[in-house]
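Participant: Build me a model from this:
(chains A and B)
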Amino acid sequence: MKIELIAAGLAAAIGVPGFWFSTAKDPAPGAETVFIAADTIAYRPIGNFHRNGKSVVPPEQLRPVAAFEIMKHQVSGSEYAACVAAGACKKADSVPADGGQAQTHVSWHDATAYAHWYSQETGHSWRLPDEAEWQLAAAEIFGDEAVETDSGDPAQRWLRQYDRGVTLRGLPGPAQDPKSEPGANSNGLTGLGGNIWEWTGGCMQNGEVTKDGTLQLGDPYCSARITGGRHRAVVIDFIRDASVGGCAVGLPPDYLGFRLVKDG
Amino acid sequence: MLTRRAALMGAAGVAALPVLAKAAKAESTTVHEAAAPVDLSSLQRIKRELVAPPFVHEHEQVAPGEPRIVEFEMKIVEKEIEVDQGAYLQGMTFDGSIPGPMMVVHEGDYVELTLINPPENMLQHNIDFHAATGALGGGALTLVNPGEKTVLRFKATRPGTFVYHCAPGGPMIPWHVASGMAGTIMVLPREGLSDHKGNPVKYDRVYYIGENEFYIPKDENGDYIRYEDVGESYPDTLEVMNGLIPSHVVFNGAVGALTGENAMKAKQGEKVLFVHSQANRDSRPHLIGGHGDLVWEAGKFNNVPDRDLETWFIRGGSAGAALYEFLQPGVYAYVNHNLIEAVNLGATAHVVVEGEWNNDLMEQVVAPTEYSGS
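Facilitator: Model prediction:
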């Protein structure tokens, strides 16, 4: 399940320097990645779901996720700064004093621009994880804030969800400086479980929950993307600081950062 | 400039400068001796322990008998407070909290406050009660330097919610208030609150929401500046204050202080009294999804309350009260309905209300479903 691949180290082990130099684009030493083996997760989409004309929390679905490679660390301040210096990324609203710390205050568009640039730089294909990949990689850190209720009382859903969000998040109050958790999770990913939420490629969904409990998905709304953290949160894609919240109630992410998946 | 202003304020407010303050104290002693003594020895005394907001100390809604002397004690605490992520305020507080704790007495009671300025503080402080009569609301009689304490007694002659704040003279006045030194006292009518018809009204809970706006300076990179001590923060803070554009507008001293685990709680069917104070700047409380059933907008209970308000106005330098019976469960947001201040600057609180949904009041007829145009 967790095989850490150090891209640079691997290249050194199998690559003949002359061979590398002969390629059209020199692959720069890539970010350290972690291999996540294929698995099936209990997945719950986020969005507008209805049953019998009422809003409901969709039931969990078994969802297979193919194997993938994902960055071990969140993209750091100095890594993002290189993209800014190259003119391919927009300057973030805040830069960590220690360049080794995670870059926060970036939007989904900023993260996507970085993935494009980083793919060109490294000669590999990098992208944001989708929300199911993020969930699988986050493993025990993943928290599902959704609470299924069978009553037709919409308030119970909000109340339980609010309560669950509070529990997952720990104490409220002023957030600390952006802080990646120093330890690694069981998959070897660092930075999870702190106050930095990570952008994913996942979109806000909509659909119907049929009588037998299956989901019929409609077209997703992709101007709202799913971020992963202590609980998931839906954030409009051009927002860089969601800490003040997108709507009146509910718990927003503290900081927005990201890590990428390497496709090959 | 500063000295001139201090001197100007000093002419009006005796507590402006240490030297004047000392003179004022000496004078007050003289005046006190010369004034006709009052004998309150027959009055019952009761000591109230203050609690941190948004909660309010135990109290009766209807006065139990004859007027009493109600004793309070407050310690002034200068301390750094993280108002938002990375935004630190060199705060000044009554009793360690922003806002200062709420006191409750009844009309005709005597408030007897022991005000302590501990030696570890840097600045002199005092207290001006808008509920009190004379001597700058008590400010002229209560100026205490670090390592001093004082006792003030005043008679609560007017029922209502009133601001109290620090007002140590000159430019120190707005700075101390903008640094957090303000609170509220509620003087209840002896018979308790009454509705628009004069019928008695009781509340099941009371929450006290102190709103503050802060003016935290930023450096050339746009990052908030963190200061060593309250004195060091003054020159930059003064400049931001004079621009009148706050960096933060918050309830209970910090962004998100009344949300999540610290959200206010109530049950469907309960009548909740929200007391809202803002010592320095106008505000406009609004309960999203709820109303103000009975609103004493200016906070003074001798006036007939307004009914069914959507939003009410709190004049800077006053406290108002709104009573609402929660009819529907859910998570409510209590905001300053300048929504820029509510969402972007921090003035949002949550009320978590347990109960059973009433479909007569509201029902989702069709949940959001796909629509591809006509």
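Participant: mind checking the SS state of A:Leu159?
Facilitator: helix (DSSP: H, G, I helix; E, B strand; the rest coil).
Participant: residues contacting it?
Facilitator: Going by Cβ atoms under 8 Å, 6 or more residues apart in numbering or on different chains, A:Leu159 touches B:Pro329, B:Gly330, B:Val331, B:Val352, B:Val353, B:Glu354. (Each C-beta comes from the backbone N, C-alpha and C, glycine too.)
Participant: which of those residues sit farthest apart?
Facilitator: Pairwise distances among the contacts of A:Leu159 were taken by Cβ to Cβ; the largest, 10.6 Å, belongs to B:Val331 and B:Glu354.
Participant: Any chance you could spot the residue sitting in the middle of chain B?
Facilitator: Chain B has B:Gly183 as the residue nearest its centroid, 3.2 Å off, counting by Cα atoms, centre = their mean.
Participant: Which strands border the host helix or strand of that one, and is each parallel or antiparallel?
Facilitator: Assessed by DSSP states H and E, B:Gly183 sits inside strand B:182-188. Using DSSP bridges, strand B:182-188 pairs in its sheet with strand B:103-106 (parallel), strand B:160-165 (antiparallel).
Participant: If you count neighbours, what's buried in the first one?
Facilitator: Looking back up the chat, that one is strand B:103-106. Buried residues in strand B:103-106, counted by 16 or more other Cβ atoms under 10 Å in any protein chain shown: B:Met103, B:Val104, B:Val105, B:His106.
Participant: Hey, what's the angle from the helix or strand that comes right after it to strand B:182-188? Just curious.
Facilitator: The first helix or strand that comes after strand B:103-106 along the chain, using DSSP H and E, is strand B:110-117. Relative orientation of strand B:110-117 and strand B:182-188, computed by axes from the mean of the first three to the mean of the last three Cα atoms, to 10 degrees: 170 degrees.
Participant: mind saving the C-alpha coords of strand B:110-117 as PDB?
Facilitator: Below are the C-alpha coordinates for strand B:110-117, written out as PDB (Å, rounded to 0.1, in the frame of the first residue of the first chain):
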ATOM      1  CA  TYR B 110     -26.500  50.200  44.200                       C
ATOM      2  CA  VAL B 111     -23.600  48.900  42.100                       C
ATOM      3  CA  GLU B 112     -20.400  48.700  44.200                       C
ATOM      4  CA  LEU B 113     -17.400  47.900  42.000                       C
ATOM      5  CA  THR B 114     -13.900  47.100  43.200                       C
ATOM      6  CA  LEU B 115     -11.600  47.900  40.300                       C
ATOM      7  CA  ILE B 116      -8.100  46.500  40.500                       C
ATOM      8  CA  ASN B 117      -5.200  47.600  38.300                       C
END
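Participant: How about the secondary structure of A:Ala82?
Facilitator: Recorded secondary structure, A:Ala82: helix (three-state DSSP).
Participant: what's the spacing between it and A:His124?
Facilitator: Distance from A:Ala82 to A:His124, counting by Cβ to Cβ, to the nearest Å: 16 Å.
Participant: Those two: who's more crowded?
Facilitator: A:His124 (20 against 17; other Cβ atoms under 10 Å in any protein chain shown).
Participant: circling back: what about B:Val331 and B:Glu354, which has more around it?
Facilitator: For the pair B:Val331 and B:Glu354, the greater number of neighbours falls to B:Val331 (21 against 15), based on other Cβ under 10 Å.
Participant: hmm, who's touching whichever strand or helix holds the more buried one?
Facilitator: Using DSSP H and E, the element containing B:Val331 is strand B:330-336. The contact list for strand B:330-336 (Cβ under 8 Å, 6+ apart) reads A:154-155, A:158-159, A:162, A:248-250, B:209, B:211, B:249, B:251, B:258, B:263-264, B:274, B:283-290, B:326, B:342-343, B:347-353, B:357.
Participant: Extract the CA atoms of stretch A:201-220 and return them as CSV.
Facilitator: Extracted as CSV, the C-alpha positions of stretch A:201-220 are listed here (Å, rounded to 0.1, in the frame of the first residue of the first chain):
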residue,chain,number,x,y,z
GLY,A,201,-10.1,18.1,-8.7
GLY,A,202,-13.4,17.0,-7.3
CYS,A,203,-16.5,19.0,-8.1
MET,A,204,-19.8,19.7,-6.2
GLN,A,205,-22.2,17.0,-7.4
ASN,A,206,-25.9,16.8,-7.8
GLY,A,207,-28.2,14.0,-8.3
GLU,A,208,-31.0,11.8,-7.1
VAL,A,209,-31.0,9.1,-4.5
THR,A,210,-33.4,6.5,-5.9
LYS,A,211,-35.7,4.2,-3.8
ASP,A,212,-33.1,1.4,-3.8
GLY,A,213,-30.5,3.8,-2.5
THR,A,214,-28.4,4.1,-5.7
LEU,A,215,-27.2,7.4,-6.9
GLN,A,216,-28.1,8.9,-10.3
LEU,A,217,-25.6,11.7,-10.9
GLY,A,218,-26.3,14.8,-12.9
ASP,A,219,-23.7,17.2,-14.3
PRO,A,220,-21.3,18.4,-11.6
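Participant: Just the buried residues of it, please?
Facilitator: A:Gly201, A:Gly202, A:Cys203, A:Met204, A:Gln205, A:Asn206, A:Gly207, A:Glu208, A:Val209, A:Leu215, A:Gly218, A:Pro220.
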